[in-house]
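> Please work out how this folds:
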Amino acid sequence: MASTETNSSRPWADGPFELISIASLGYKCQPGEKVAPYHSMAAEMITVHNCLLRGINSVYLQCVNVERSPESIPAFIKYAKAWGHILHEHHTTEEKWFFPEIEAITGEKGIMDVNVEQHHAFDDGLKQYNAHLENAETGKETYDGAKLKSVIDSFMPVLRQHLQDEIFTLKTFEKYKDKTDWAKWTKETASKAIKATQTADGMVSVS
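Residues are numbered from 1 along each chain as shown. Modelled structure (predicted):
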């Protein structure tokens, strides 16, 4: 879902791919408003998903402009590659750590299957995205901002829909509010996943 406002009228990276509002969980977005414990996972995921959206928006907005400053291209390529890595690690962590526990807690086998299937819907586009950046970094091909932008256009509508749909799935946890302390579970599971996957240099790798 693309933002209706032009990029020039809003200087920050909240478009063209629209951010997700906490209002999608039924809240009013007021300062100090508390989220119900059973919506903790969904609220946390909105924050993470918006980080991903702002990241790809910034890549999208600058991928052509950066060609005006050739000396900046190597750093930009590393930045764009980092976004792809973070997205991959995020989805792998979900599938390995969060989703199996969600099934066990709710007693609903396959409750997250649709969202896992969506992870594969944009695989081809992401492979093209990563391949161009890798090839440009190693000198196998010349960096092409217009090409990268076209590749992003090919997979982002599907990815943006997935990021929203996953929130809708997590919103249904209100049906399972008595199954566990969801706020505590969200915090503990995230901590456990980070501890188990953190490398010696402080990075996270679950591949």
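> Determine the number of other residues adjacent to Gly26.
11 (other C-beta atoms under 10 Å). C-beta coordinates here come from the backbone N, C-alpha and C atoms, glycine included.
> make that Tyr38, sorry
By other C-beta under 10 Å, 21 other residues sit near Tyr38.
> got the contact list for it?
Tyr38 makes contacts with 173-174, 176-177, 182, as judged by C-beta atoms under 8 Å, 6 or more residues apart in numbering.
> what do you get for His91?
His119.
> pLDDT score for it?
pLDDT recorded at His91 is 92.
> Next: Trp182.
Trp182 is assigned 91 on the pLDDT scale.
> roughly how far apart are it and Val35?
In this view, Trp182 and Val35 are 10 Å apart by C-beta to C-beta, to the nearest Å.
> Neighbour count: the two, which is higher?
Trp182 (22 against 16).
> so the more buried one touches Pro37, yeah?
Yes - counting by C-beta atoms under 8 Å, Trp182 touches Pro37, with 5.0 Å between them.
> one step back: state the pair within the contacts of Tyr38 that is farthest apart.
The distance between the two most remote of those (C-beta to C-beta) is 9.7 Å, for Glu174 and Trp182.
> what do the two both touch?
Common neighbours of Glu174 and Trp182 (C-beta under 8 Å, 6+ apart) are 38-39.
> Who are the packing partners of the lowest-mean-pLDDT helix or strand in the chain?
Ranked by mean pLDDT, DSSP states H and E, the helix or strand of the chain with the weakest confidence is helix 182-197, at a mean of 87. Helices and strands touching helix 182-197, by 3 or more C-beta pairs under 8 Å, 6 or more residues apart in numbering; DSSP states H and E, are helix 40-62, helix 73-93, helix 99-106.
> Let me see the backbone angles for Asn115.
phi -70, psi -30 (degrees, to the nearest 10).
> And the lengthiest helix in the chain, what does it pack against?
Determined from DSSP state H, the single longest helix within the chain is helix 145-171. Packing partners of helix 145-171 (3+ C-beta pairs under 8 Å, 6+ apart): helix 40-62, helix 113-121, helix 123-138.
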